[in-house]
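Participant: structure of the sequence below:
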Amino acid sequence: MQTTIDIRDDDLSGEATRRLIAAHLAGMHDTSPPESVHALDLDRLRHPSISFWSAWIGGELAGIGALKALDDERGELKSMRVDDRFLGTGVGRALLRHIVAAARERGMTSLWLETGSTAEFLPAQRLYASEGFVECGPFEGYSPDPFSVFMTREI
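Facilitator: Below is the predicted model:
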C-alpha cells in the first residue's frame, strides 16, 4: 500500500513543527559537541533566505526540511529530520526530492549540505549519496570538523 506524503510550505507556527524542530536540535546536541552542531533554531529558520517545508501522513507531522539560498545559484539543505515514528517510510527521500525540485525551479545549479559523521548519521549520508550527493570539503563558512561530513550535487 502506497503511503501518501503531503509536503507543505510551513510557516513554523504549528506546535507539531515546533516540537520536531526542538527534537531535532536536542538530537544534534546529544550526538555532537556544541561547536559541531550546525542545526538552526526556530528563529534562525525564519530568515528570509530560508524556505521551510513539512511532510504530513494522515494528518500527522512526519518530517521537516529547509532550503537556504546561499546565492542565486547555490542552496544549502538545512534541518532535514524525519519523526522517529516515520523512519524508513520514504519521508526523508520525498522531502529531499521536493527541496531539490524547489531549488531547480528557483534556478539554482547546485545544492550543498553538512551532516554528522558518527554512526547515527549513516542513514542520512546513505540517503544523500543515493540521490546523487558526493562528499566535498567545507563550504560557505564551515570549517573542517571530524564530526561533519560535507556533500554537494549539481542539479
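
Participant: low-confidence stretches in the chain?
Facilitator: The model of the chain has pLDDT under 70 over residues 1-2.

Participant: work out which residue lies at the spatial centre of it.
Facilitator: The residue lying closest to the centre of the chain (C-alpha atoms, centre = their mean) is residue 80, at 2.4 Å.

Participant: where does that residue land in three-state SS?
Facilitator: strand (DSSP: H, G, I helix; E, B strand; the rest coil).

Participant: so what's it closest to, chain neighbours aside?
Facilitator: Closest residue in space to residue 80, ignoring its immediate chain neighbours: residue 65 at 4.6 Å, by C-beta to C-beta, 6 or more residues apart in numbering. For glycine as for every other residue, the C-beta is placed from the backbone atoms N, C-alpha and C.

Participant: which stretches of the chain form strands?
Facilitator: 6-9, 50-57, 60-69, 74-82, 110-116, 134-136, 148-154 (DSSP state E).

Participant: ok, how many other residues are close to residue 67?
Facilitator: Number of residues near residue 67 (other C-beta atoms under 10 Å) recorded here: 23.

Participant: what's the separation between it and residue 140?
Facilitator: In this view, residue 67 and residue 140 are 14 Å apart by C-beta to C-beta, to the nearest Å.

Participant: what touches both of the two?
Facilitator: Shared contacts of residue 67 and residue 140 (C-beta atoms under 8 Å, 6 or more residues apart in numbering): residue 76.

Participant: ok, the residue nearest to the centre of the chain to residue 67 distance?
Facilitator: Taking C-beta to C-beta, one finds residue 80 at 10 Å from residue 67.

Participant: longest helix in this protein, please.
Facilitator: Longest helix in the chain, counting residues (DSSP state H): helix 15-31.

Participant: which strands and helices sit next to that helix?
Facilitator: helix 42-45, strand 50-57, strand 60-69, strand 74-82 (3 or more C-beta pairs under 8 Å, 6 or more residues apart in numbering; DSSP states H and E).

Participant: if we use 7 Å, what do you get?
Facilitator: helix 42-45, strand 60-69, strand 74-82 (3 or more C-beta pairs under 7 Å, 6 or more residues apart in numbering; DSSP states H and E).

Participant: chain center to the last one: distance?
Facilitator: Once both centres are worked out by C-alpha atoms, centre = their mean, to the nearest Å, strand 74-82 turns out to sit 3 Å from its chain's centre.
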